[in-house]
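A.B. asks: Sequence and predicted structure, then a few things I'm wondering about:
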Amino acid sequence: METGDGSKDVIGGLPEPLICHILSFLTTKEAASTSVLSRKWRYLFAFAPNLDFDDSVHLSLVKIKETDHVSGRDYLEMYNERKIQLSTSFMDFVDRVLALQGNDSVHKFSLKIRDGVDPVCITRWLLNVLERGVSDLELGMHLKWKSSLPSKIFLSESLVRLRLNVELGPTIDVEDVNLPKLKTLHIESVRFEKHGIGLTKLLSGCHKLEDLVLEHISWCLWDFSFVSVPTLKRLTVYEDLQDENPSSVSFDTPNLVYLKFADAIADEYPTVNFDLLVEAHIDLRMSEDQLEETLYDREASGLDSEGNMKGFMVANATEFIMGICNVKILYLSAYTLEVLTYCCEAIPLFNNLTHLTIESEPQVGWQSLPDLLKNSPNLETLVFKGLIHQFSDRCGDMCLCNPWEEEDEEEEEEKEEESPPSCLSSCPVKVLKILKFGEIHEYQIETEKKIDQVNHFLEKLPNVEKLMIYYSTPNDEDVMKVYKKLQRHPKVASSQCILQIFSDNLSLSSKDFVLS
């Protein structure tokens with residue numbers, strides 16, 4: 001097949017089903033623009049198995065030209081008039097595409113809309129694709145709609161993936177739920193008619209659900225939240241970290257292998273079932289009131305004779321922390337370290353933990369790290385996302401917060417015999433990674449102090465085989481200075497340690513880093 005200029009039309013010569021498949025990777029508006037290519041292309045876009053409608057594409061055309069010579073109220077009236085015209089054009093466009101498709105099956109239906117689209121049309125479109133066996137449904141709606149979503153969405157026997165983001169409406173009212181094929185459910189900024197009961201009922205009708213994402217559903221306002229899905233393998237929870245604590249949060253997910261969780265501490269965790277958990281990203285935080293209480297209680301209670309807090313907690317996240325103790329790969333935010341310090345009766349034994357990542361923040365200390373490392377007997381990889389943390393007299397030998405007093409050899413040997421092994425000297429870590437080494441920060445500490453901290457790790461960790469530093473700088477000279485200073489350090493606990501430094505432009509490695 002040749003075009004008018006004699007060149008060969010390779011794509012136009014493909015079978016129509018294949019062309020439709022290619023068009024399915026475009027938004028429906030983009031695919032529709034191909035209808036002007038030739039008679040053959042006129043309606044092909046409408047038969048793509050994936051439909052992606054976004055009214056922002058239409059509304060982006062709302063422009064008032066300077067040549068119109070309008071201002072003030074006239075400008076606003078003209079803007080609203082054109083917006084209504086384009087919203088009507090959008091609704092007509094969706095109606096036309098669905099009419100062209102007739103009763104053909106549809107794989108994916110994605111609808112992103114804002115105010116100006118008639119809810120009656122939205123309902124009609126949803127019922128249309130549900131009747132045609134849609135398996136992937138995505139709704140992003142930012143409009144004032146006081147009623148509920150069509151109940152047939154939650155009675156679909158064809159849906160495999162469902163994503164709902166309905167910030168201002170409509171609500172979700174789930175009297176009956178039967179989603180026998182649903183494997184992925186993502187709900188964001190939704191409001192349930194019956195709060196926690198609504199979520200529980202929705203999940204109870206998803207018998208094959210494997211991947212669940214809950215974002216900004218405000219369960220801190222509910223009496224209880226209960227995620228109970230025996231088939232679930234991946235769970236992501238992200239709540240607005242406001243100055244409110246959820247009342248009761250429970251998880252009965254015995255087959256979960258991946259957890260990403262960001263929330264304020266709940267008043268209680270009656271059920272936490274993560275028996276098969278492999279990887280967890282935890283960002284658990286205290287409320288502002290609880291943070292203030294830690295400062296007050298610390299000043300009032302002080303430290304005991306051994307330098308430990310005198311036994312107070314501002315909240316209790318013990319059951320949640322106990323629930324994740326089987327994990328193998330663990331990522332902890334700086335604020336979760338704070339929770340381990342002030343909201344956990346005791347740090348459990350993490351027997352399976354092999355990979356631990358710690359995020360550091362200048363306003364949060366490392367007080368809980370010594371006990372966490374001591375209770376991770378099989379830890380192989382330790383990653384620090386930054387070294388900046390709050391000064392504390394409770395970090396033990398984790399860092400250089402406390403000045404290390406020099407002692408003669410006899411006194412040092414006697415002390416080692418009397419006291420239990422320190423958290424670093426007994427740590428089995430083989431790979432130590434330092435990320436964000438050169439990160440520019442409001443509380444930026446001098447590079448020399450960071451080097452001292454890294455040297456401290458080298459002096460204390462006896463099993464490290466590889467030290468990897470990721471230096472965020474385009475300045476090669478700075479990288480070379482750090483590399484040479486670390487290489488020349490005279491005291492290294494592990495004779496097998498290899499030093500590696502990576503930057504924007506350099507990758508340096510020393511295989512003869514045996515300076516002990």
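C.D. replies: On my side now, so go ahead.

A.B. asks: Okay, and W145 sits in which element?
C.D. replies: Secondary structure from DSSP states H and E places W145 outside every helix and strand.

A.B. asks: Show the backbone phi and psi for D104.
C.D. replies: Per-residue torsions, D104: phi -60, psi 150 (degrees, to the nearest 10).

A.B. asks: Ok, L467 next?
C.D. replies: Backbone torsions of L467, given as degrees, to the nearest 10, read phi -110, psi 120.

A.B. asks: Bridge partners for it, pull those for me.
C.D. replies: Counting by DSSP bridges, L467 is bridged to L432, L499.

A.B. asks: What is the burial count for it?
C.D. replies: As a burial measure, L467 scores 23 neighbours (other C-beta atoms under 10 Å). For the C-beta atoms, the positions are set from N, CA and C on the backbone; glycine is no exception.

A.B. asks: mind listing what it touches?
C.D. replies: By C-beta atoms under 8 Å, 6 or more residues apart in numbering, L467 lies in contact with 432, 434, 454, 457-458, 486, 497-500, 513.

A.B. asks: Of the residues you listed, keep whichever come out buried.
C.D. replies: 432, 434, 454, 457-458, 486, 497-500, 513 (16 or more other C-beta atoms under 10 Å).

A.B. asks: and those residues as TSV, adding pLDDT?
C.D. replies: Output for the buried ones among the contacts of L467, formatted as TSV (pLDDT from 0 to 100):
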residue	pLDDT
L432	96
I434	95
V454	91
F457	91
L458	90
L486	88
C497	88
I498	91
L499	91
Q500	92
F513	46
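
A.B. asks: Any chance of these in JSON lines with distance to V166 as columns?
C.D. replies: Converted to JSON lines, the buried ones among the contacts of L467 look like this (distance: C-beta to C-beta, whole Å):
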{"residue": "L432", "distance to V166": "46"}
{"residue": "I434", "distance to V166": "43"}
{"residue": "V454", "distance to V166": "49"}
{"residue": "F457", "distance to V166": "49"}
{"residue": "L458", "distance to V166": "53"}
{"residue": "L486", "distance to V166": "53"}
{"residue": "C497", "distance to V166": "54"}
{"residue": "I498", "distance to V166": "53"}
{"residue": "L499", "distance to V166": "52"}
{"residue": "Q500", "distance to V166": "48"}
{"residue": "F513", "distance to V166": "56"}
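
A.B. asks: Closest one of those to K112?
C.D. replies: Within those, the smallest distance to K112 is 41.3 Å, found for I434 (C-beta to C-beta).

A.B. asks: Surely the closest one is in contact with M468?
C.D. replies: Yes. Counting by C-beta atoms under 8 Å, I434 does reach M468; the two are 7.2 Å apart.

A.B. asks: Any idea which helix or strand in this structure has the lowest mean pLDDT?
C.D. replies: Every helix and strand of the chain was ranked by mean pLDDT, DSSP states H and E. The lowest is helix 409-418, at a mean of 47.

A.B. asks: how does this protein divide into domains?
C.D. replies: For the chain, the TED database gives the domain ranges 16-48, 50-64+73-209.

A.B. asks: so where's the stretch 201-350 of the chain uncertain?
C.D. replies: Residues of the stretch 201-350 of the chain that meet the criterion pLDDT under 70 lie in 241-242, 296-312.

A.B. asks: Give the burial count for K450, as a bare number.
C.D. replies: Neighbour count of K450, defined by other C-beta under 10 Å: 20.

A.B. asks: Going by neighbour count, which residues of the helix or strand containing it are buried?
C.D. replies: Following DSSP H and E, one finds K450 within helix 447-460. For helix 447-460, the neighbour count (16+ other C-beta under 10 Å) marks 447, 450-460 as buried.

A.B. asks: List of residues touching that helix?
C.D. replies: 387, 397, 399-400, 422, 424-425, 432, 434, 437-438, 464, 467, 469, 478, 482, 485-486, 489, 491-494, 497.

A.B. asks: picking that back up, closest one of the buried residues of helix 447-460 to T294?
C.D. replies: Comparing those against T294 with C-beta to C-beta picks out Q453 as the nearest, at 24.9 Å.

A.B. asks: Helices of the stretch 51-200 of the chain, start to end?
C.D. replies: Taking DSSP state H, counting those that start in this stretch as the criterion, the stretch 51-200 of the chain carries its helices at 55-59, 72-101, 119-131, 195-204.

A.B. asks: what about the first one, average pLDDT?
C.D. replies: Going back to what we said before, that points to helix 55-59. For helix 55-59, mean pLDDT rounds to 66.

A.B. asks: I am finished for the moment; much appreciated.
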